[in-house]
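Enquirer: This is a predicted model, with the sequence first.
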Amino acid sequence: MQHLPKAEERSKLAVVSAALACGLLFGGCDTSKSAPPPPVAPEVAVVTIRTERVVLTTDLPGRTSAYAMAEIRPQVGGLIQKRLFEEGAEIKEGQALYQIDSAPLQAAYDNAAANLATARKAADRARAVLAVSRAGVVRQRAVLENARTNRKRFEDLLADGAVSATQRDQAVTDSDVAEATLVSTEAQVDSDREAVAAAEASIRQAEAALEAARINLGYARVTAPIAGRIGKSGVTEGALVKASQDTPLATIQQLDPIYVDATQSSANLLRLRQSLAAGRLKGNGAQQARVKLLLEDGMTYPLEGTLKFSDITVDPSTGSFTLRTVFPNPKHILLPGMYARAIVQEGVAEQAILVPQQSVSRDPKGNPVALVVDGSEKVAQRKIVVDRAVGDQWLISEGLEPGDRLIVEGIQKARPGTSVKAVPFNAGRKENAEAVTTVQPVSKAK
């Protein structure tokens with residue numbers, strides 16, 4: 001009776017051992033069936049780097065200014081009698097704008113004309129006196145010549161004893177008197193000649209005064225020095241104005257063509273010159289002088305402009321200089337003072353590398369980097385140098401070579417050194433998928 005419990009105990013142990021063995025056997029089988037499959041390489045979309053010809057431009061801020069501008073100021077004083085134009089109208093060169101009271105100016109003109117007539121009469125009298133003096137000189141020279149002849153004759157006769165010494169002395173005296181009279185007459189001629197010159201100078205002075213009066217009389221009618229559009233009038237009829245006053249009567253601006261003055265930093269100019277010298281950029285001939293314009297609302301101005309010149313002085317406060325461009329403006333879309341952005345061609349990069357902007361990221365230090373798939377289908381990180389944005393792409397100057405497979409989508413799943421599955425990048429694939437997702441619920445609702 002004492003051995004029965006032990007036998008029963010051994011049988012129970014056997015049953016438990018068999019159950020455990022069976023559990024272990026089946027447990028091992030379940031473990032082999034639930035083992036995870038090998039990891040699948042993540043899929044990334046790539047583009048193959050290639051070079052292309054790119055025309056590089058720079059976007060410069062600028063302001064429009066009138067091609068020509070004239071501030072109308074009176075050149076004589078007086079009352080404004082009439083305004084002869086419509087404010088805001090197109091004005092032709094030489095068109096009358098204001099009429100100033102001309103009565104005082106007409107009186108000054110008439111006075112100058114009278115002074116000229118007086119000066120001419122005085123000159124005529126001086127010329128007549130000079131003519132008389134010159135005739136006297138001619139007569140006196142004849143008298144002197146006769147006196148000298150008599151003197152010579154009496155001196156010869158005195159030697160022969162035919163005349164007395166007294167007669168000879170009288171002939172000598174007559175000769176000396178005739179000579180002195182001739183000298184006096186010639187001096188009078190010189191004096192009369194100076195009087196004529198003074199009279200003629202008075203004539204010229206009177207003529208100049210008359211011309212000045214005529215010009216001032218013409219200034220009573222204020223005309224446009226240039227053609228263009230005139231602004232508002234600064235005075236009304238009845239206003240008193242003075243010559244060369246500080247406040248203009250009106251302003252005329254020529255708007256077709258029109259200037260756009262853009263500013264560019266001197267640092268960008270130096271960089272451009274270095275790129276041209278190094279051969280990274282080439283000139284684009286006559287096209288390089290063509291300029292496009294973006295208006296304040298973001299619209300592109302329909303007409304192209306021309307680069308005229310760049311200023312030779314750099315503003316020390318901003319470190320920039322001015323580029324002046326000229327744009328045709330037949331419809332007067334551009335008005336002076338408008339803000340605009342000038343698109344100026346810098347040159348042509350023959351071997352440019354452009355990549356989508358989403359393919360470029362930053363490392364912890366802020367440096368731009370890109371991920372590529374190497375020949376062993378693994379991810380490799382490249383440090384790159386970004387030159388500028390060209391539309392929705394980056395222009396890469398260093399770090400990528402033609403033939404590299406650049407990762408554009410799936411960057412979050414790609415880690416340097418890991419294996420990936422590269423598929424061609426389709427820029428429109430994501431948009432198409434979103435469009436299908438959006439349209440599909442609508443078709444189901446129908």
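Expert: Done, it's in. Numbering: from 1, shown residues only.
Enquirer: which residues does Q81 contact?
Expert: For Q81, the contact set (C-beta atoms under 8 Å, 6 or more residues apart in numbering) comprises Q99, I100, D101, E237. C-beta coordinates here come from the backbone N, C-alpha and C atoms, glycine included.
Enquirer: now the strands for the stretch 1-150 of the chain?
Expert: 43-48, 51-72, 78-83, 90-91, 96-100 (DSSP state E, counting those that start in this stretch).
Enquirer: tell me the domain boundaries of this structure?
Expert: Annotated domains of the chain cover 56-65+253-430, 74-101+221-247, 105-207 [automatic domain parsing].
Enquirer: can you put those domains in JSON lines and add distance to T48 and mean pLDDT?
Expert: JSON lines is the format used below for the domains of the chain (distance: least, C-beta to C-beta, whole Å; pLDDT from 0 to 100):
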{"stretch": "domain 56-65+253-430", "distance to T48": "6", "mean pLDDT": "85"}
{"stretch": "domain 74-101+221-247", "distance to T48": "56", "mean pLDDT": "94"}
{"stretch": "domain 105-207", "distance to T48": "84", "mean pLDDT": "90"}
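Enquirer: Those domains: which one's closest to I215?
Expert: domain 74-101+221-247 (8.6 Å; C-beta to C-beta).
Enquirer: sorry, back to before: wait, which of the strands of the stretch 1-150 of the chain is closest to V372?
Expert: Per C-beta to C-beta, nearest to V372 of those: strand 43-48, 7.8 Å.
Enquirer: Let me see the contact set for the residue positioned nearest the centre of the chain.
Expert: Geometric centre of the chain, nearest residue: R324, 1.7 Å, by C-alpha atoms, centre = their mean. By C-beta under 8 Å, 6+ apart, R324 lies in contact with Y259, V260, D261, L307, K308, F309, S310, D311.
Enquirer: what about 10 Å?
Expert: Listed by C-beta atoms under 10 Å, 6 or more residues apart in numbering, the contact set of R324 reads G62, S65, Y259, V260, D261, A262, T306, L307, K308, F309, S310, D311.
Enquirer: same deal with A159?
Expert: A159 neighbours (C-beta under 10 Å, 6+ apart): R168.
Enquirer: downstream neighbour of whichever strand or helix holds it in the secondary structure list?
Expert: Following DSSP states H and E, one finds A159 within helix 103-160. The helix or strand immediately downstream of helix 103-160 is helix 165-219, counting by DSSP H and E.
Enquirer: elements contacting that next one?
Expert: With contacts defined as 3 or more C-beta pairs under 10 Å, 6 or more residues apart in numbering; DSSP states H and E, helix 165-219 has these neighbours: helix 103-160.
Enquirer: that older thread, so for A108, which of the strands of the stretch 1-150 of the chain sits nearest?
Expert: strand 78-83 (11.6 Å).
Enquirer: burial measure for E155, as a count.
Expert: 13 (other C-beta atoms under 10 Å).
Enquirer: dump the residue contacts of it.
Expert: Neighbouring residues of E155 by C-beta under 10 Å, 6+ apart: V163, R168, A171, V172.
Enquirer: can you rerun that using 8 Å?
Expert: Under the criterion of C-beta under 8 Å, 6+ apart, the neighbours of E155 are R168, A171.
Enquirer: Quickly note the distance from it to L249.
Expert: Separation of E155 from L249 (C-beta to C-beta, to the nearest Å): 88 Å.
Enquirer: same thing with F154?
Expert: Distance from F154 to L249, by C-beta to C-beta: 87 Å.
Enquirer: So for the two, which sits in the more crowded spot?
Expert: F154 (22 against 19).
Enquirer: Can you tell me what sits against stretch 230-244?
Expert: Outside stretch 230-244, the residues that touch it by C-beta under 8 Å, 6+ apart are 73-83, 85, 87-89, 91, 97-98, 100, 224, 247-253.
Enquirer: from those, which would you call buried?
Expert: Buried subset of the contacts of stretch 230-244 (neighbour count, 16 or more other C-beta atoms under 10 Å): 73-74, 76-78, 80, 83, 85, 91, 97-98, 100, 224, 248-253.
Enquirer: rewinding a little: any chance of the strands of the stretch 1-150 of the chain in CSV, plus distance to L130?
Expert: CSV is the format used below for these (distance: least, C-beta to C-beta, whole Å):
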stretch, distance to L130
strand 43-48, 103
strand 51-72, 51
strand 78-83, 44
strand 90-91, 55
strand 96-100, 45
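Enquirer: Could you tell me the phi and psi values at L371?
Expert: Torsion angles at L371 (phi, psi; degrees, to the nearest 10) stand at phi -110, psi 130.
Enquirer: So it sits against A414, correct?
Expert: Yes - between L371 and A414 there is a contact at 5.4 Å, judged by C-beta atoms under 8 Å.
Enquirer: any common contacting residues for those two?
Expert: V379, I407.
Enquirer: How much space separates G417 from D190?
Expert: From G417 across to D190, the span is 116 Å (C-beta to C-beta).
Enquirer: Which positions in stretch 89-107 come out as buried?
Expert: Buried, per 16+ other C-beta under 10 Å, within stretch 89-107: I91, L97, Y98, Q99, I100, S102, P104, L105.
Enquirer: farthest pair in those residues?
Expert: Checking these with C-beta to C-beta, the most distant pair is I91 and P104, at 27.4 Å.
Enquirer: Put the buried members of the contacts of R324 into a PyMOL selection.
Expert: Selecting the buried subset of these in PyMOL, with 16+ other C-beta under 10 Å as the burial test, is done by:
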select buried, resi 62+65+259+260+261+262+307
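Enquirer: What about the contacts of R324, which are in strands?
Expert: G62, S65, Y259, V260, D261, A262, T306, L307, K308, F309, S310 (DSSP state E).
Enquirer: I'd like the residues you listed written out as JSON lines, with distance to V129 added.
Expert: Shown next, in JSON lines, are the ones in strands among the contacts of R324 (distance: C-beta to C-beta, whole Å):
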{"residue": "G62", "distance to V129": "73"}
{"residue": "S65", "distance to V129": "65"}
{"residue": "Y259", "distance to V129": "65"}
{"residue": "V260", "distance to V129": "71"}
{"residue": "D261", "distance to V129": "68"}
{"residue": "A262", "distance to V129": "74"}
{"residue": "T306", "distance to V129": "70"}
{"residue": "L307", "distance to V129": "71"}
{"residue": "K308", "distance to V129": "66"}
{"residue": "F309", "distance to V129": "65"}
{"residue": "S310", "distance to V129": "70"}
